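Participant: I'd like to go over a predicted model; first the sequence, then the structure.
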Amino acid sequence: MKIGIIGTGAMGSIYASFFARNGFQVTCYDIWEDHINAINTNGLRLSGASGDHIVHEIKATCEFNDLKDHDLYILATKGDSVGDAASKLSTLSLEKSIVLTIQNGLGAAERISKYMPTENVLLGVAQGFGASIQTPGHAHHNGMSMIRIGEINGGITERLNKVVKAWEKAGFTSKGFEDIQQLIWEKFICNVAYSGPCSVFGKPIGEILAEDDMKKISIGCALEARKIGDFKKINFSFEDTTKYVIDFGNKMPLSKPSMLQDVEAKRKCELSSINGMVVTLGKELDIDTPYNNVVTSIISAREKNYIRWNM
C-alpha cells in the first residue's frame, strides 16, 4: 500500500515513521523546506514513546504532484489548513484512493466538502498522542494510545476495516467505530479545555490543573463545548464532563497542546477549529460561550500582533 501523508509536522512525522518502518511505501508532503530537506538528507528521526529511530525509506517532498497514485492519503495538517489540502487533493485522481483526515477540533469534513466529494473520505481521531518537532527532521512523541477511524455518516464498512488493518500493520493500536462523531466531539471537549487556556497562560496541562483559577477557566471552556454538543444530540459516553476532562489531563501533565507550541513559536494556530469553533457554534445556536469568547479574543489578538511583526 502506498501512503501519502499531507502535513509532516509532529503528528504527520509520527505516522510517516511508523508506516515506513513497517513495510509501506511512504511519501510525505509539507511546505516547510528545512524539514523536508532534513528528512531527505539525514532521514526522519522519531524519539519518545516508541524509542529512538531514524528512517531513511521515506520520500519527502514540497511538490504536491509527487503524491499522485497513492492508495491512502492521510491529512495530518492543522484544522485551518484542511481546506487548502483538499483543494490540492482535488486535482489528483482519487477514484481508487481513500482519504483519511485526522485533526484536532471540528470542521474537517465540512472544509473538505467545499473542494471535493467526500464519498471516499474517512474521519480519524488520534487518542493519547503528545508530539512536537524538536528540530527539522526530528519529531518527538510523549505517548500514543489509539488511532480511531470511522465513516463520516457512520457504520462499519469493508474499506474502514481495510484502513484499520493498515494502521495495525504499521504498529499502531487502531479500531473502527460506528459513531466517529461521538469520538471527535469527546476529544474536541478536551482540546477546548486545554488548548486555549494553556496558550493564554503559557502553561502545560498539569500546571493549569494545579491552580484553581486557571483550572476554573479550563473547565468552563469545556462545559460550554459540552452544552453545544448536547444541543446537537451528540451521544457522549460520559455524564460528568469535569471529571472526564480532568482525568484526561492528569494522564499527560507535562504536555503542551499544539496550540501553545504554535503560540510560543509565533506561528498561526488552529484557534478557529477549537476554542474559536465553540464561539462560532455558540453564535449560530444562540448559546452563550463567555469563557471561550475571552480565551479566543486573547489568543487572536496576540496572534495578529506577532504575525504583523513577522511579516
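Facilitator: Perfect, I can see it now. Numbers count the residues shown, from 1 in each chain.
Participant: Only C-alpha atoms from now on, for both contacts and neighbour counts.
Facilitator: Will do.
Participant: Count the neighbours of residue 2 for me.
Facilitator: Neighbour count of residue 2, defined by other CA atoms under 10 Å: 18.
Participant: what are the ranges of the helices in the stretch 1-150 of the chain?
Facilitator: Using DSSP state H, counting those that start in this stretch, the helices of the stretch 1-150 of the chain run over 10-21, 33-42, 82-89, 108-113.
Participant: which intervals of this structure have sub-threshold pLDDT?
Facilitator: Residue ranges of the chain with pLDDT under 70: 307-311.
Participant: show me where it has strands.
Facilitator: Secondary structure of the chain, counting by DSSP state E: strands at 2-6, 25-29, 44-48, 53-55, 58-61, 72-75, 98-102, 121-127, 130-135, 138-143, 146-151, 174-176.
Participant: one step back: what's the most buried one of the helices of the stretch 1-150 of the chain?
Facilitator: Among the helices of the stretch 1-150 of the chain, ranked by average contacts under mean count of other CA atoms under 10 Å, first place goes to helix 10-21 (a mean of 23).
Participant: which one in the protein is furthest away from the centre?
Facilitator: For the chain, the largest distance from the centre (CA atoms, centre = their mean) belongs to residue 212, which lies 28.1 Å off.
Participant: want to throw the strands of the chain into JSON lines with distance to residue 250?
Facilitator: Listed next are the strands of the chain as JSON lines, based on distance: least, CA to CA, whole Å:
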{"stretch": "strand 2-6", "distance to residue 250": "31"}
{"stretch": "strand 25-29", "distance to residue 250": "33"}
{"stretch": "strand 44-48", "distance to residue 250": "19"}
{"stretch": "strand 53-55", "distance to residue 250": "28"}
{"stretch": "strand 58-61", "distance to residue 250": "35"}
{"stretch": "strand 72-75", "distance to residue 250": "28"}
{"stretch": "strand 98-102", "distance to residue 250": "23"}
{"stretch": "strand 121-127", "distance to residue 250": "14"}
{"stretch": "strand 130-135", "distance to residue 250": "13"}
{"stretch": "strand 138-143", "distance to residue 250": "13"}
{"stretch": "strand 146-151", "distance to residue 250": "18"}
{"stretch": "strand 174-176", "distance to residue 250": "23"}
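Participant: wait, which of these is closest to residue 294?
Facilitator: Of all the strands of the chain, strand 130-135 sits nearest to residue 294, with 25.8 Å by CA to CA.
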